[in-house]
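Asker: attaching a predicted model along with its sequence, questions to come.
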Amino acid sequence: MSGRVVHFEVPFEDQERAIGFYSEVFGWQIQPLPEMSYVMVTTGPSAPQGGGPEEPGFVNGGMLARNAPIGGPVLVLEVEDIDKSLEQIGERGGTTVEAKVAVGDMGFSAYFRDPEGNLMGLWQSAPH
């Protein structure tokens, strides 16, 4: 399990206001994905077609409507096996908030709360 921070999510009340703010203030490149009710965010030089960062030191992310359980920014951690990670999280005092779900053919995501009450995400890439 790498545990690297590989993605972030920022919730919004007003999508256009959030897009305007982050693109104008920080220069983020924004790509709305209406079919997924999601907005992809590129914060630096990245490979084409949704590829990852091309230089060290930054991660890309996304924005989505503020709804339970996502009420604030979320860090997403890469793991090899979400099911195994959620089991370990539960054994160590954390709780599963949203079980493993497929994200197209890219991979899988899940959400958990750590023992301190922080909401975090998990990401498992699909095998290629």
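Answerer: That came through fine. Numbering: from 1, shown residues only.
Asker: spit out the contact partners of residue 97.
Answerer: Applying C-beta atoms under 8 Å, 6 or more residues apart in numbering to residue 97 gives the contacts 69, 111, 112, 113, 119. The C-beta positions use only the backbone N, C-alpha and C, and glycine is treated the same way.
Asker: tell me the most packed of those residues, by neighbour count.
Answerer: Using other C-beta atoms under 10 Å as the neighbour test, those are led by residue 112, with 22 neighbours.
Asker: so what pairs up with that one in the strands?
Answerer: On the basis of DSSP bridges, residue 112 is bridged to residue 96, residue 120.
Asker: local confidence estimate at it?
Answerer: pLDDT recorded at residue 112 is 97.
Asker: can you give me the neighbour number for residue 35?
Answerer: Residues near residue 35, counting by other C-beta under 10 Å: 7.
Asker: hang on, it in a helix?
Answerer: Yes - assigned with DSSP: H, G, I helix; E, B strand; the rest coil, residue 35 falls within a helix.
Asker: read off the pLDDT value for it.
Answerer: 91.
Asker: for the longest helix seen in the chain, buried residues please.
Answerer: Longest among the helix segments of the chain by residue count, using DSSP state H, is helix 15-26. By neighbour count on 16 or more other C-beta atoms under 10 Å, the buried set for helix 15-26 is 15, 18, 19, 22.
Asker: what's the nearest residue to the first one if we skip its chain neighbours?
Answerer: I take that to be residue 15. Excluding the flanking residues, the one nearest residue 15 by C-beta to C-beta, 6 or more residues apart in numbering is residue 39, at 6.7 Å.
Asker: how far is the strand or helix carrying residue 109 from where the chain is centred?
Answerer: If you go by DSSP states H and E, residue 109 is part of strand 107-113. How far strand 107-113 lies from its chain's middle: 8 Å, per C-alpha atoms, centre = their mean, to the nearest Å.
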